[in-house]
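Asks: let me see the structure of the following:
(one chain, ligands or ions: 1)
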Amino acid sequence: MHYLFSFLLCLSSLVSFSQNPKIKIKHLTGDLYTYTTYNTYKGAVTDANAVYLVTNKGVVVIDAPWDATQFEPFLDSIQARHHQKVVLAIATHSHGDRAGGLAFFKSKGISTYTSKLTDEILKASKAPRAAHTFANDTTFTVGQYKINTYYAGKGHTKDNLTIWFPKDKVLFGGCLIKSTRATDLGYIAESDLAAWPKSIEKLKQKYPDTKFVVTGHDAWGNRESLAYTQKLLREKK
Ligand SMILES: [Zn+2]
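Replies: Model (predicted):
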């Protein structure tokens, strides 16, 4: 009996290990999905959230896997789940957890986009750039869906963009918005702490009705994350 028990224990630890995937894809609402990948930040495994939208003209990916080993599996998963190709990729700021996939996506024939501001930063740091740029506030129409990019102002970085999915009332805040589970503001070496609360205020006013607010890291939820980010910023001062 004892042997059986320890065997089962052993088995269960193996199972939980294999349940730790390098990429997690979850259905959010409608044709929107979130995906989470992992990297090491300050010595700890840290997650990064991003989203994709399945349209009848192909898949639109916002940001890239943070883990380069997951670029190819990510595209394979989309193909297997949705029988669609990724046609458009938008990176919401210049950091690796957002823009790190631009060269890979380009090599796969995907149309890649960043704002002009993000492009300037990528160019200056000699990082791979998107094939196309757009003005901060732009509407992309892909298949049956519209996707709005919105620049609320400086915050986590000077170029952080948000993405609004009007049909589903989903705001992808990226790294401008902190999860209510976050204990601090994260990487702030390039942040503008004075402008950040005002940028969030603009977001609150622009999108008064949201079904979900997806944050760049940690568990996402809804509008409470906007006020929570402002609270973290107040405490920082
Ligand atoms: Zn960032």
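
Asks: after the helix-or-strand element of the chain with minimal mean pLDDT, which helix or strand is next? Please name it.
Replies: Lowest on mean pLDDT, DSSP states H and E among the helices and strands of the chain sits helix 2-18, with a mean of 46. Going down the chain from helix 2-18, the next helix or strand is strand 23-29, by DSSP states H and E.

Asks: contact partners of that next one?
Replies: Contacts to strand 23-29, defined as CB atoms under 8 Å, 6 or more residues apart in numbering, come from residues 33-37, 51, 65, 67, 70, 73-74, 77, 81, 168, 170, 211-212, 214. To be clear about C-beta, it is placed using only N, CA and C from the backbone, and glycine gets the same treatment.

Asks: of the residues you listed, which belong to strands?
Replies: 33-37, 51, 170, 212, 214 (DSSP state E).

Asks: which of those lies closest to residue 192?
Replies: Taking CB to CB as the measure, residue 192 lies nearest residue 214 of the ones in strands among the contacts of strand 23-29, at 21.9 Å.

Asks: do you know how far residue 119 is from residue 92?
Replies: Distance, residue 119 to residue 92, using CB to CB, to the nearest Å: 13 Å.

Asks: comparing these two, which residue is more hemmed in?
Replies: residue 92 (29 against 21; other CB atoms under 10 Å).

Asks: can you pull the contacts of that one?
Replies: Here residue 92 is in contact with 62-63, 98, 118, 160-163, 172, 174-175 (criterion: CB under 8 Å, 6+ apart).

Asks: try 6 Å this time
Replies: 63, 98, 161, 174 (CB atoms under 6 Å, 6 or more residues apart in numbering).

Asks: can I get the buried part of the contacts of strand 23-29 as one PyMOL selection?
Replies: The command below creates a PyMOL selection of those among those that count as buried (16 or more other CB atoms under 10 Å):
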select buried, resi 33+34+35+36+37+51+65+67+70+73+74+168+170+212+214
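
Asks: so what sits against both of residue 119 and residue 92?
Replies: Counting by CB under 6 Å, 6+ apart, nothing touches both residue 119 and residue 92.

Asks: show me which residues of this protein are close to the ion?
Replies: The chain comes close to the ion at residues 95, 175, as judged by CB under 5 Å from the ion.

Asks: can you count the residues close to residue 133?
Replies: 17.

Asks: what strand or helix carries residue 46?
Replies: If you go by DSSP H and E, residue 46 is part of strand 44-55.

Asks: quick one: pLDDT of residue 44?
Replies: Looking at residue 44, its pLDDT is 88.
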